[in-house]
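Student: Pasted the sequence and its predicted model underneath.
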Amino acid sequence: AQSVTQPDIHITVSEGASLELRCNYSYGATPYLFWYVQSPGQGLQLLLKYFSGDTLVQGIKGFEAEFKRSQSSFNLRKPSVHWSDAAEYFCAVDAGTGNQFYFGTGTSLTVIP
Amino acid sequence: NAGVTQTPKFRILKIGQSMTLQCTQDMNHNYMYWYRQDPGMGLKLIYYSVGAGITDKGEVPNGYNVSRSTTEDFPLRLELAAPSQTSVYFCASTSRWVPYEQYFGPGTRLTVT
């Protein structure tokens, strides 16, 4: 069965520092990969997605993610974190059918001044 | 476009009561989903629908029912509320076109006491 692992439950970074959130997936083929962000009390907003082509994808708010097939990973990065980036981040996998969508357990990001 | 809308935003139920969570999307999406989000558990799929008249169970369907009479609406029914159903519920939708990025509603916070 497909699964998504986000090994870091909570991360704290200083404003202006770089950020990397980890995501590993378990799936036989190359799935469609997504990162979502959830601000407190809000729904989920899509940051970026990968389904083919260039393994480095750019998203909104200055985020990027790199797909590494050999490591079954899709880590999210940002070179300089802003206080407004404090939120919950979810990695998600779709097996390509539209009805098999799996979320990781999320990583909570705290940004300190 | 309003996107995905959910009502109510908050609700408190007593054990054994019933209620329907409403979800509507105005993007003419074929696929619709219901998730529940529990702290530290990510999102779990309850039910999904690939079109009007077609529904199927997700990972955690017990205690819930759905219907899909129109493309726009996908209500979630709780028949006999239990404390284990205390959660935040999200509705989402997507088109049939790859990649199946999902658009989320703002959520319904339900407490069963």
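Tutor: It's in.

Student: Write out the residues of chain A neighbouring chain B.
Tutor: Taking Cβ under 8 Å from any Cβ of the partner chain as the criterion, chain A approaches chain B at residues A:4, A:9, A:32, A:34, A:36, A:41-46, A:49, A:51, A:90, A:92, A:94, A:96, A:98-99, A:101, A:103-106. The way it works is simple: take the backbone N, C-alpha and C, and place the C-beta from them, glycine included.

Student: From those residues, which land in strands?
Tutor: A:4, A:32, A:34, A:36, A:44-46, A:49, A:90, A:92, A:94, A:101, A:103 (DSSP state E).

Student: Using pLDDT, spot the least trustworthy of those.
Tutor: Looking at those, model confidence by pLDDT dips furthest at residue A:101: 80.

Student: For beta bridges, what are the partners of the closest residue to it other than its chain neighbours?
Tutor: Leaving aside its chain neighbours, residue A:101 sits nearest to residue A:94 (5.0 Å; criterion: Cβ to Cβ, 6 or more residues apart in numbering or on different chains). Assessed by DSSP bridges, residue A:94 has beta-bridge partners residue A:32, residue A:101.

Student: Give me the neighbour count for residue A:94.
Tutor: Neighbouring residues of residue A:94 were enumerated by other Cβ atoms under 10 Å in any protein chain shown; the total is 24.

Student: My read is that residue B:51 contacts residue B:68, right?
Tutor: Yes - taking contacts as Cβ atoms under 8 Å, residue B:51 lies within contact range of residue B:68: 7.3 Å.
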